[in-house]
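>>> this is the structure alone, sequence omitted:
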């Protein structure tokens, strides 16, 4: 697929950095080049941002979407196998946590998607297990920042920077996160603790052994000056770089300081200009704060900036539905499916909305599509029930 080819990226990849992609291309016998290169055989359209599409120097240059490249290389399952995966909304429903919480875990790198389609992450069952353990840790009194810091300390103490952290066996014991190593356990500081067999062989303890993959991005510690920020002190915000403001916003959201987090994101927009992703995050926070009208406008803004941002489109449809703007919501969901026809959540919401609007015949197609795409979804039983009722009426 890549052997002997000069490959360029248009846009930004959703699954790895440019450096990692360059290493991958090199390992497959290809060469990563700039879009403007005169030697260009293949352009990969990144899933994270809309491709510019302006460097088409020759009809002999092939283009391929990022997700199709991964499929052709055998790294991910084909679109037909997507039913084995979970969207953020499905994962939130399965764990009985807010959708915004799952998105924060994803942004922190506590859970990693198997694939992304137009910025929409899909998680496999292994990540569902990881998310369950994270939920247990938070219920025991940890914050997401605590979890991230403890796992990072384990990795640093054990010199694991050069190997995949997804291979670690981690045990959750109360508020503690411990690494299983041989017959013993290692705490975040690197000190060995009680032997593993002292925990017994109960099913619950065995279930706590999970792989957790971390992002490699730097995180703030509780002592970091950025966290000395006081709400309302605009001067403190102005000295922070965008990456620092994002970290601070996530921390403030973890603490329930929604409007402080919104101020951080607004500061980013003022310093760097319009951003679909930042507008989406502000919309999420406004929705959590109960301001649906303001959230609607921010979702609109995200979609206008990036029409292929399917999760923003889906969220907009849900807000329109809650605001009673039924026809607009239906149009929004239909537009989302134009962008990503196999988005199970949208088929579900559209089917439900059409059913409630007395358009059962149209709804049936979407109930069936949803079940085909996500037969193991926490919403699958409702879809089957609806189809059963349709059959009985027919």
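Okay, I see it. Fair warning: this is a prediction, and the values are worked out from it, not measured in the lab.
>>> was I right to think residue 63 contacts residue 41?
No. Contact status for residue 63 versus residue 41: not in contact, 10.9 Å apart, counting by CB atoms under 8 Å. No exception for glycine: its C-beta is placed from N, CA and C like everyone else's.
>>> so for those two, which sits in the more crowded spot?
A count of neighbours by other CB atoms under 10 Å puts residue 41 above the other of residue 63 and residue 41, at 18 against 14.
>>> I figured that one hits residue 3, correct?
No. Judged on CB under 8 Å, residue 41 makes no contact with residue 3 at a distance of 10.6 Å.
>>> enumerate every residue touching residue 63.
If you count contacts by CB atoms under 8 Å, 6 or more residues apart in numbering, residue 63 has them with 10, 42-45.
>>> surely it forms part of a strand?
Yes. Counting by DSSP: H, G, I helix; E, B strand; the rest coil, residue 63 falls inside a strand.
>>> got a pLDDT number for it?
Looking at residue 63, its pLDDT is 87.
>>> strands of the chain, residue ranges please.
6-10, 31-32, 42-45, 62-65, 115-117, 120-122, 170-173, 176-181, 184-186 (DSSP state E).
>>> which secondary structure elements does the shortest one contact?
Looking back up the chat, that one is strand 31-32. Where contact means 3 or more CB pairs under 8 Å, 6 or more residues apart in numbering; DSSP states H and E, strand 31-32 is packed against strand 6-10, helix 18-27.
>>> outline the domain layout of the chain.
When the chain is parsed with automatic domain parsing, its domains come out as 6-76, 80-207, 225-393.
>>> weakest of these by average pLDDT?
Among those, domain 80-207 scores lowest, at a mean of 65.
>>> residue 35 reaches residue 7, doesn't it?
No. Using CB under 8 Å, residue 35 is not in contact with residue 7, being 10.4 Å away.
>>> shared neighbours of these two, which are they?
Counting by CB under 8 Å, 6+ apart, the residues touching both residue 35 and residue 7 are residue 43.
>>> higher neighbour count, those two?
residue 7 (24 against 17).
>>> dump the residue contacts of the more buried one.
25, 30-33, 41-44.
>>> relative to residue 360, which of those residues is nearest.
residue 44 (42.6 Å; CB to CB).
>>> that closest one contacts residue 8, doesn't it?
Yes. In this structure residue 44 lies within contact range of residue 8 using CB under 8 Å: 7.3 Å.
>>> same list (the contacts of residue 7) but as CSV, adding distance to residue 108.
As requested, the contacts of residue 7 are arranged in CSV below (distance: CB to CB, whole Å):
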residue, distance to residue 108
25, 29
30, 33
31, 34
32, 29
33, 33
41, 37
42, 33
43, 32
44, 27
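>>> which of those residues has the most neighbours?
residue 44 leads those on contacts (other CB under 10 Å) with 24 neighbours.
>>> roughly how far apart are residue 96 and residue 361?
33 Å (CB to CB, to the nearest Å).
>>> er, residue 68 actually
Taken as CB to CB, the span from residue 68 to residue 361 is 34 Å.
>>> neighbour count: the two, which is higher?
Just comparing residue 68 and residue 361: by other CB under 10 Å the higher neighbour count belongs to residue 68, 15 against 10.
>>> what's the spacing between the more buried one and residue 374?
21 Å.
>>> before we move on, what about residue 345?
From residue 345 to residue 374 the distance is 8 Å (CB to CB).
>>> try residue 88
On the measure of CB to CB, residue 88 and residue 374 end up 13 Å apart.
>>> how about residue 348?
Taken as CB to CB, the span from residue 348 to residue 374 is 8 Å.
>>> repeat for residue 34
Taken as CB to CB, the span from residue 34 to residue 374 is 40 Å.
>>> quick one, what contacts residue 3?
28-30.
>>> measure it to residue 69 for me?
14 Å.
>>> now residue 348
From residue 348 to residue 69 the distance is 29 Å (CB to CB).
>>> which one's more surrounded, the two?
Higher neighbour count among residue 348 and residue 69: residue 348, with 26 against 22, using other CB under 10 Å.
>>> for the residue nearest to that one when sequence neighbours are not counted, give its distance to residue 359.
Distance criterion CB to CB, 6 or more residues apart in numbering; nearest residue to residue 348, sequence neighbours excluded, is residue 370 at 4.7 Å. To residue 359, residue 370 is 16 Å away according to CB to CB.
>>> thanks again, I'm all set now.
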